[in-house]
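> Fold the stuff below for me.
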Amino acid sequence: DLVLSSIEYNHRDLSTGEFFADLGAAHAFTGEFLQAIATNPLLPEQPFESGLQMGQLDVVIGDLRGTSGSPLAKLVCIGAVLNKGDYPGCSPGSPRVLGSVEIFDLAGTAARLSLLPPLDSLPCATGASRFGMGVAIGYVDADTIQDLVVGAPGSDGEFGRVYVFFGHPSFFTTGGPLLRWTAFKSPALPSDPASNFGFDVQVVDLNSDGYGEIVVGAPEKGTSGNGKAFIYSGVRVAGLTTQTVHDGSTFLAEQTLLPPASLLEDDPGLTLTFGWQVFAIGDMAGTEYGNGRPDIAVHSEFGKWTAPPGPLPDVEKAGAVVVYAAWDPADGTPPPGKPFVKTPAIKIQSPLVWEGFVVGPGQIEARLMHVPQSNARFGRAVEPVDWRTTSGAVIRGLLVGEPDADVHNPSDPAYPDDTPVQDAGR
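Numbers count the residues shown, from 1 in each chain. Next up, the predicted model:
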C-alpha cells in the first residue's frame, strides 16, 4: 500500500467557512492497482489548526492491533510536529506542547485519533517537544503485534526523548495507545546544549533475535554539535517499566555511532547534523557486506566532500549517507561497544558525473557535468533497491535523493549557455 503526505495542504471547513493554511493531509492508495482507498484526503483529528503540516517527515503503515489479513486493517501513523491543541491539564490558552501523531484506520470510514506525548516535560511551559518528528513501526518486543516508536527531539529543552507504544488489540481506541508505553531520554551531557535526540527513529532487528533494535538520530549531539546516532537493544527496551520515562544517564544505548572524521568541515563553526535521518535498508546482498542481516544508513545533512587530486576544490556542506553493515556471526564475537553494526562504515557522497559529447569527426570530448554542491541535501531520501546482473545475481544498492542539487541541461535549447537549473534535484 502507498500513503503520500501533502504537508502544505490547505483546508476550508464547509460548515463554518474557516480556512486552515498548511494543515497537512495524506492520500492512501491500495497497492495492487494504486486505487485511492478514499476519495477525500486523510485529515488530522479536529479541532484543526493552521500550520500543523501533518506528514512533514515520516509516514508509516503497520499492524498495531494484531489484525492480520486484509491490508486495510493496518493503521497509518503520521507525525504532525507543529501546533496541536491544548495539552490535557493545562489552562486554556497556555503555551502548548507542540506535536502529535495522527493515526488513521483505513478500513471502513477511515476513522482517526490523535496521539499526544504522555508525561511530557513541562507540558504547560514554553517550548516545543516536536513529538512525531520521527515515527517508526516494528516488532520491538518480539510478539506478533507491531509497535509504534515516536521521537520527540524538542523535549527536555531540546535534549529529546523517544517513546515506545506497544501494540495490542485495543490500540485503536480512545486511550488505547497509552495502555502500555515506555520512554527514554537522551543520554544528556552537561556539554550538550541541545542534541535533538529522536529527530528520526527506526526499528530494525539487527541481530536476528526477534526483537527490533531502536535506532535513534540525534543531529546536534556532542560537544561539537556534529551529531550522533544510537542503537538500543530491543530486548532491553521491551523490559523497561511501562508508563515511565527513563533517564538517559542510566538507560544507555548499546552502541553509539559517530560521523566519519573525513566528513568534518575545515571550518569548526560548521556542524554536520549527522543523524538527521536514519534508514533501515535491508541486507546489502550481493556485496561483501551481505550476510542475511539487515543494515542501516545514517544521513548527515552537511559534511565535507574531499576532492580527488586535481584542480577541483573541496566542497563544504555537501552531505553524506553513511552505511553500517550488521555484524556477521561468522565474524565472531563483536568487540565491546559494537554489538550490532560494524565500524568503520561506508561513506556515500554525491558523485562526479562526466558526459561525452561529439565535437568533431571521430572526436569526443568528456565534460564534467556535475560535482558535489553545498547545501544540496544529498541523502535526504534513501531507498534500497535490487539490481539483477546478466548472470542472474541480485545486488542490493541504494537510491539516494539530492533534492536541492543544481542540474545542467547541455542539450536543452532553453539553456544555450549551459545555465544550471537551480534546486532542480536529482
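
> any idea which element Ile103 lies in?
Applying DSSP states H and E as the criterion places Ile103 in strand 100-105.

> Describe which strands that strand pairs with in its sheet and in which direction.
Here strand 100-105 has these sheet partners by DSSP bridges: strand 75-80 (antiparallel), strand 112-115 (antiparallel).

> which of the residues in stretch 135-143 are buried?
Neighbour counts over stretch 135-143 (16 or more other Cβ atoms under 10 Å) mark Val135, Ala136, Ile137, Gly138, Tyr139, Val140, Asp141 as buried. Backbone N, C-alpha and C define where each C-beta goes, glycine included.

> I'd like the mean pLDDT over that stretch, please.
Over the span of stretch 135-143, the pLDDT mean works out to 94.

> again with stretch 287-301
Per-residue pLDDT over stretch 287-301 has a mean of 92.

> which regions of the stretch 101-250 of the chain sit below the pLDDT cut-off?
108-110, 119-127, 188-193 (pLDDT under 70).

> er, the stretch 251-400 of the chain I mean
Scanning the stretch 251-400 of the chain for pLDDT under 70 picks out no residues.

> if you set the cut-off to 90 instead, what comes out?
266-271, 285-291, 310-311, 328-338, 343-345, 352-371, 387-394 (pLDDT under 90).

> Which is the succeeding secondary structure element to the helix or strand harbouring Gly275?
For Gly275, the host element (DSSP H and E) is strand 274-282. Sequence order places strand 295-300 as the next helix or strand after strand 274-282, per DSSP H and E.

> how close does the closest residue to Pro268 other than its chain neighbours get to Leu263?
Closest residue to Pro268 apart from its sequence neighbours, by Cβ to Cβ, 6 or more residues apart in numbering: Ser224 at 7.4 Å. According to Cβ to Cβ, to the nearest Å, Ser224 stands 12 Å off from Leu263.

> again, but for Asp404
18 Å.

> Wasn't Ser208 part of a strand?
No: using DSSP: H, G, I helix; E, B strand; the rest coil, the assignment for Ser208 is coil, not a strand.

> And the helices in the stretch 151-300 of the chain?
155-158, 234-238 (DSSP state H, counting those that start in this stretch).

> Show me what counts as buried in the first one.
It refers to helix 155-158. Buried residues in helix 155-158, defined by neighbour count with 16+ other Cβ under 10 Å: Ser155, Asp156, Glu158.

> Quick check: the second one touching Phe184?
This points to Asp156. No: between Asp156 and Phe184 there is no contact under Cβ atoms under 8 Å: 11.2 Å.

> about what we covered before: return the closest of the buried residues of stretch 135-143 with respect to Pro329.
Pro329 lies nearest to Tyr139 out of these, by Cβ to Cβ, at 20.5 Å.

> which of Asp404 and Leu263 has more neighbours?
Leu263 (21 against 18; other Cβ atoms under 10 Å).

> for the helices of the stretch 151-300 of the chain, which one sits closest to Pro177?
Of all these, helix 234-238 sits nearest to Pro177, with 16.4 Å by Cβ to Cβ.
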